[in-house]
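Undergrad: sequence and predicted structure are below.
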Amino acid sequence: MRGLWGLGGGQDRLTTQTWNNVQRTVYLWFGPVGVLACAAALATQWHSMDPFDRVALPLLALELLLTTTALAVRVMSVAAATRITFLCTTAYFLVGLNHQFWWFVPHYQMLSESTFWFAVLYATAFIAFRGERAIQVCAGIFAASLVICGVQLGLLGGRGQLTFRMVASCVQFLISSGVLVVAQYAVGKLRQQLDQVRAAAYLDALTGLPNRRYAQGQLEDLLAAGRSFSLVMLDIDHFKQVNDTYGHQAGDMVLRETARVVGRHLHGTQFMARWGGEEFVLVLPGLHKREGKQLAEAARRDLYEHVFDQVGGLTASFGVSEFAVGDDLEKVMRRADAALYAAKRQGRNGVRVAMEDGRLTRLDLPDADTALDTAPGADTAPGTAARQDRREARQAARRMPGD
């Protein structure tokens, strides 16, 4: 979870995930189309095709086929697939630009139509890369084009083959490329600002976690796709007492620390969002309620062991539900909420799991360690001496010789 929603930089991570989803969709469409385009060009133009293209196009088609397959079966990230394809395509066009000065330019006195594709390279640089890196890549392509044209025009002049038409064609190509680089720089800056605004709309500024709006959107997507998932709702116990006793700054610190402590139990596509106030949700794609309960129990125990600055010890109550066929978001949320408040009623500092009909499952029978943590009479209010004594006793036991 920290890989996605760690505190600090949460806005950037949220933007990155959204952008990766867009990239993946585009690539899975573009890859097969690119393979077919290469195959069609080879089939229809083989006899008149330049020897360079006869070698380069099959290699480019093979690269597209391999990266699309790897992306589809999820053995390669979308960022890696996109960048590999972009760099291979860029190399193809730059080598092709250099090559045409030896066969096309001397014969036709101008650059070939393949230079039109450089405009596409400048645009797609902002899909393969983000922000300043995309600008740097565009500048690099332009610089390489400038060097190739300059060197090759010099060689043509040395052989006495240089004409005004050749120079004019290269100058037009380079000027149009320069204009595109500047335009893409302006568009890239604007896109960066729009990304930040969009991310802010889905981010909780205090904790750095996604907010309720983002979580609802992701849950709706999971429901629409029919993907299995578990949902955990957690609420910090006696949080109002923290604010009343230690002040709102301490309360804010508790919320941030809770996000950090619980969040380190999440991995991959799992994420934590702030639902409102002292309430959070954990979205666990691919996990059933038993696995969701185990994860929630580990997070509960970790939070119970944690010592908050100024405040001391705190606990949280957890409610777990699982998506069932035919569920809508309201049903899944209602079951998790009911399980959460069952944990509250049964002494707090616990995890409860709801079945599809809303009743609690046998998974809720506490184990011995959990029973110790939530034994009747054990005060779970913030900073209590009983809580601190039990924590110190456990820590001392861990340090005993022979362990």
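TA: It's in. Numbers count the residues shown, from 1 in each chain.

Undergrad: mind listing what's buried along stretch 50-64?
TA: Asp50, Phe52, Asp53, Ala56, Leu57, Leu60, Ala61, Glu63, Leu64 (16 or more other C-beta atoms under 10 Å). Quick note: C-beta positions are derived from backbone N, CA and C, even for glycine.

Undergrad: can you give me the buried ones in stretch 29-47?
TA: So stretch 29-47, judged by 16+ other C-beta under 10 Å, has buried residues Phe30, Gly31, Gly34, Val35, Cys38.

Undergrad: what is the nearest of those to Ile127?
TA: Phe30 (9.4 Å; C-beta to C-beta).

Undergrad: before we move on, which element is that closest one in?
TA: Following DSSP states H and E, one finds Phe30 within helix 10-45.

Undergrad: what angle do the helix or strand following that helix and helix 10-45 make?
TA: Later in the chain than helix 10-45, the nearest helix or strand by DSSP H and E is helix 51-72. Between helix 51-72 and helix 10-45, the angle comes out at 140 degrees (axes from the mean of the first three to the mean of the last three C-alpha atoms, to 10 degrees).

Undergrad: what packs against helix 51-72?
TA: If contacts are counted by 3 or more C-beta pairs under 8 Å, 6 or more residues apart in numbering; DSSP states H and E, helix 51-72 sits against helix 10-45, helix 78-103.

Undergrad: just the CA trace of that helix, in PDB.
TA: The C-alpha coordinates for helix 51-72 follow below in PDB (Å, rounded to 0.1, in the frame of the first residue of the first chain):
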ATOM      1  CA  PRO A  51      16.000  -2.600 -47.800                       C
ATOM      2  CA  PHE A  52      16.200  -0.800 -44.500                       C
ATOM      3  CA  ASP A  53      12.400  -1.100 -44.100                       C
ATOM      4  CA  ARG A  54      12.400  -4.700 -45.100                       C
ATOM      5  CA  VAL A  55      14.500  -5.400 -42.000                       C
ATOM      6  CA  ALA A  56      13.200  -2.700 -39.600                       C
ATOM      7  CA  LEU A  57       9.400  -3.200 -40.000                       C
ATOM      8  CA  PRO A  58       9.400  -6.900 -39.100                       C
ATOM      9  CA  LEU A  59      11.500  -6.100 -36.000                       C
ATOM     10  CA  LEU A  60       9.200  -3.300 -35.000                       C
ATOM     11  CA  ALA A  61       6.100  -5.600 -35.500                       C
ATOM     12  CA  LEU A  62       7.800  -8.300 -33.300                       C
ATOM     13  CA  GLU A  63       8.500  -5.800 -30.600                       C
ATOM     14  CA  LEU A  64       4.900  -4.600 -30.600                       C
ATOM     15  CA  LEU A  65       3.600  -8.100 -30.500                       C
ATOM     16  CA  LEU A  66       5.900  -9.100 -27.600                       C
ATOM     17  CA  THR A  67       5.200  -6.000 -25.500                       C
ATOM     18  CA  THR A  68       1.400  -6.100 -26.100                       C
ATOM     19  CA  THR A  69       1.300  -9.800 -25.100                       C
ATOM     20  CA  ALA A  70       3.500  -9.200 -22.000                       C
ATOM     21  CA  LEU A  71       1.200  -6.300 -21.000                       C
ATOM     22  CA  ALA A  72      -2.000  -8.300 -21.600                       C
END
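
Undergrad: hmm, back to that, got TSV for the buried residues of stretch 29-47, with pLDDT too?
TA: Output for the buried residues of stretch 29-47, formatted as TSV (pLDDT from 0 to 100):
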residue	pLDDT
Phe30	85
Gly31	88
Gly34	90
Val35	92
Cys38	90
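
Undergrad: tell me which of these is nearest to Val73?
TA: For these, the nearest to Val73 is Gly31 (12.7 Å; C-beta to C-beta).

Undergrad: what's near enough to touch the closest one?
TA: By C-beta atoms under 8 Å, 6 or more residues apart in numbering, the contact list for Gly31 reads Leu64, Leu65, Thr67, Thr68, Leu71, Thr85.

Undergrad: among those, which ones are buried?
TA: Leu64, Thr67, Thr68, Leu71, Thr85.

Undergrad: mind putting the residues you listed into a markdown table with pLDDT?
TA: Shown next, in a markdown table, are the buried ones among the contacts of Gly31 (pLDDT from 0 to 100):
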| residue | pLDDT |
| --- | --- |
| Leu64 | 93 |
| Thr67 | 94 |
| Thr68 | 93 |
| Leu71 | 90 |
| Thr85 | 94 |
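
Undergrad: so which of these is the closest to Asp244?
TA: Leu71 (52.3 Å).

Undergrad: how much space separates the residue nearest to Arg227 when sequence neighbours are not counted from Thr258?
TA: Of all residues not flanking Arg227 in the chain, Pro285 sits nearest, at 6.0 Å (C-beta to C-beta, 6 or more residues apart in numbering). Distance, Pro285 to Thr258, by C-beta to C-beta, to the nearest Å: 22 Å.

Undergrad: the two: who's more crowded?
TA: Thr258 (25 against 16; other C-beta atoms under 10 Å).

Undergrad: not counting sequence-adjacent ones, nearest residue to that one?
TA: Closest to Thr258 by C-beta to C-beta, 6+ apart is Ile236, at 6.1 Å.

Undergrad: my guess is that neighbour meets Val262, correct?
TA: No - Ile236 lies out of contact with Val262 (C-beta atoms under 8 Å); the separation is 10.2 Å.

Undergrad: shared neighbours of these two, which are they?
TA: Ala316.

Undergrad: domains of the chain: list them as residue ranges, please.
TA: Taking automatic domain parsing as the criterion, the chain consists of the domains 2-201, 212-396.

Undergrad: and the shortest one, how far out from the chain middle?
TA: Looking back up the chat, that one is domain 212-396. Here the centre of domain 212-396 is set off from its chain's centre by 24 Å, with C-alpha atoms, centre = their mean, to the nearest Å.
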